[in-house]
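> Attaching a predicted model along with its sequence, questions to come.
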Amino acid sequence: MPAIRPASKRKPPPEGFSDIEEDLLIFSNQMKDAQNARSDNIPKHQAQWPVFQISHKRSRYIYELYYEKEAISKQLYDWLLKNGYADAMLIAKWKKQGYEKLCCLRCVQTKETNFNSTCICRVPRAQLKEDQDIQCINCGCRGCASSD
């Protein structure tokens, strides 16, 4: 959930927020649990995976409500993006062809990899060796290529 601003400067949510508020509260509670979970026995990069996955689910939920189900208004959608309920950059990628199943933005940033390419999870399963198990180091994804 985004940081709480002073009540005098904060605008009330648009109409329709009360319909999805309960679902967003569930995502918020899951995020708090993931952030407070103990990470003593796992590697540092794996400790962040649940946070990435919950953030992805929440963004996908809002994306589907607006673009696929058309259940929320444009004003509510913009308000949700502005207040940090969904990742606007990730949703912008989902609207492009070939990125419909993208797990996180770090997987397409070529500057963070050794060979200036995308993450292994972006490789279609048809191009991998049989029985080759892949998992993204950034977010724990097991494959988000659009052709899978």
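Sure, I can see it. Model, not experiment: these values are computed from the prediction. Residues are numbered from 1 along each chain as shown.

> what about the longest helix in the protein?
In the chain, with assignment by DSSP state H, the single longest helix is helix 17-36.

> Contacts for that helix next, please.
If you take Cβ atoms under 8 Å, 6 or more residues apart in numbering as the criterion, helix 17-36 is touched by 1, 50-51, 54-55, 57-58, 61, 65, 71-72, 76, 79, 85. Bear in mind the C-beta positions are built from the backbone N, C-alpha and C, glycine included.

> any idea how far the nearest residue in space to residue 60 that is not next to it in sequence lies from residue 138?
Closest residue to residue 60 apart from its sequence neighbours, by Cβ to Cβ, 6 or more residues apart in numbering: residue 94 at 8.0 Å. To residue 138, residue 94 is 17 Å away according to Cβ to Cβ, to the nearest Å.

> Let's check: the centremost residue of the protein is which one?
By Cα atoms, centre = their mean, the chain has its centre lying nearest to residue 56, at 1.9 Å.

> Buried ones in the one helix or strand it maps to, by neighbour count?
Taking DSSP states H and E as the criterion, residue 56 maps to helix 49-63. Within helix 49-63, the residues that count as buried by 16 or more other Cβ atoms under 10 Å are 49-50, 52-56, 58-63.

> With only the CA atoms kept, save it in CSV.
The C-alpha trace of helix 49-63 is given here as CSV (Å, rounded to 0.1, in the frame of the first residue of the first chain):
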residue,chain,number,x,y,z
TRP,A,49,10.6,-12.9,-4.5
PRO,A,50,7.3,-13.0,-2.6
VAL,A,51,7.1,-9.2,-2.6
PHE,A,52,7.7,-9.1,-6.4
GLN,A,53,5.0,-11.8,-6.9
ILE,A,54,2.4,-10.0,-4.8
SER,A,55,3.1,-6.7,-6.5
HIS,A,56,2.7,-8.5,-9.9
LYS,A,57,-0.6,-10.1,-8.8
ARG,A,58,-2.0,-6.7,-7.6
SER,A,59,-1.0,-5.0,-10.8
ARG,A,60,-2.4,-7.8,-12.9
TYR,A,61,-5.7,-7.6,-11.0
ILE,A,62,-6.1,-3.9,-11.7
TYR,A,63,-5.0,-4.3,-15.3
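
> Right, I'll leave it there.
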